[in-house]
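[1] model this:
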Amino acid sequence: MELGSTVKLAFKGTLDDGTVFGYATAENPMEFQTGMDLVVDGFEREILAMNEVGEKKTFTISEYDAYGEYLDDFVQKIPIDQIPISGIVPGKRVKMHSSEGGGQAVEATVVSIEDGIVTFDMNHPLAGQKLTYEVEILGLEDAPENFVSHAEKMEHLKQQTKLLGGDQGDDYR
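    Residues are numbered from 1 along each chain as shown. This is a model prediction of the structure:
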């Protein structure tokens, strides 16, 4: 399979303890175009190594090829009276915004509420986990002739920014 191919697949994703974290069925398949940064790197690399409809494969990807390592620095404690949303309960996923403004919203899980302090975990729920997938290719379309990958688009934008006067770095003329 080549970058830019559109793939339709069924899969089951499990953790080391057997917990199922995700799935797609033949009746409700997952479909995406490779090379567009739409799935985690390790998953896409394994899918790109498959070549035909009906092909099945089981593989495990490391935390570094999935959602990264679990970072203790991504756990924050905030006094409940500084939280502008209601209905905070342990296990709930919420969007957090920096009080300094200008930052992008970050998804966080409410870990606990104790003595007026809410503990939030901003790690991805699958951070620090090896992920095992059982996959079957259900459909495959070749890449369009003029396909440009996400990485190529980002490099082009970087070069255009330099040419237009932003972020010249060492390349300033």
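
[2] average model confidence for the biggest helix by length in the chain?
    When the chain is parsed with DSSP state H, its longest helix is helix 150-163. Mean pLDDT, helix 150-163: 76.

[3] and that helix, what's buried?
    By 16 or more other CB atoms under 10 Å, helix 150-163 has no buried positions at all. Quick note: C-beta positions are derived from backbone N, CA and C, even for glycine.

[4] now swap in stretch 112-119 and tell me
    Buried residues in stretch 112-119, defined by neighbour count with 16+ other CB under 10 Å: 118-119.

[5] equivalent analysis for stretch 53-63, please.
    59, 61, 63.

[6] what about it, start to end distance?
    28 Å (CA to CA, to the nearest Å).

[7] same thing with stretch 25-33?
    Counting by CA to CA, you get 18 Å between the two ends of stretch 25-33.

[8] now do that stretch, average pLDDT.
    Here stretch 25-33 scores 94 as its mean pLDDT.

[9] and for stretch 77-94?
    Here stretch 77-94 scores 87 as its mean pLDDT.
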